[in-house]
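Chemist: no sequence for this one, just the structure:
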């Protein structure tokens, strides 16, 4: 564990140094290619236990050729650091003969404990490797319309 912490610390230091150098470079800013680089420290998976569990369960169940687990909680009205809203992109041969609805049911079944507990919303993109090779894009998530935003959207539609 100590060696992982040492590597993480060195990696954070290197990224911080690189970020500062990029931010100081007039070439990048002058070309309009970059506003600024935001440094985010590398953290251990234990800092994100729900995300780690989702990743582990989907890997065990589907042996995916590609897997993205995206915490979208920051797009919603929840406390900072929450793990309540996720998007998963699962590309697996296990889906080859399954309908889209069956794929979603399989993912929901694999994540039943999380959906019964801390996860409030789950967006699923479940594709076969052939589908992924034809179109490797991930759909953009819509803006949050919960709470006050939903009320405002309804008022705007009424006008």
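Modeler: Yep, it's here. Model, not experiment: these values are computed from the prediction.

Chemist: just name the shakiest helix or strand of this structure by mean pLDDT.
Modeler: Counting by mean pLDDT, DSSP states H and E, the weakest-scoring helix or strand in the chain turns out to be helix 26-30, with a mean of 50.

Chemist: okay, now the domains of the chain?
Modeler: The record's domain split for the chain, according to automatic domain parsing, is 1-42, 44-135.

Chemist: which of these comes out lowest on mean pLDDT?
Modeler: With a mean of 54, domain 1-42 has the lowest mean pLDDT of these.

Chemist: doesn't residue 107 lie inside a strand?
Modeler: No. With DSSP: H, G, I helix; E, B strand; the rest coil as the criterion, residue 107 is assigned helix and is not in a strand.

Chemist: tell me the contacts of it?
Modeler: With contact taken as Cβ atoms under 8 Å, 6 or more residues apart in numbering, residue 107 is in contact with 58, 88, 90, 122, 124, 126. The way it works is simple: take the backbone N, C-alpha and C, and place the C-beta from them, glycine included.

Chemist: just the strands from the protein, written as ranges.
Modeler: Along the chain, the stretches classed as strands by DSSP state E are 66-71, 85-91, 121-127.

Chemist: wait, which of those is closest to residue 143?
Modeler: strand 85-91 (12.1 Å; Cβ to Cβ).

Chemist: ok, and what's touching the closest one?
Modeler: Residues from elsewhere that reach strand 85-91, judged by Cβ under 8 Å, 6+ apart: 50-51, 54, 58, 62, 64-73, 75-76, 78, 103, 107, 119-129, 131-132, 138, 141.

Chemist: run the last query once more with 7 Å
Modeler: By Cβ atoms under 7 Å, 6 or more residues apart in numbering, the residues outside strand 85-91 that reach it are 54, 58, 62, 64-73, 75-76, 107, 119-127, 129, 132, 138, 141.
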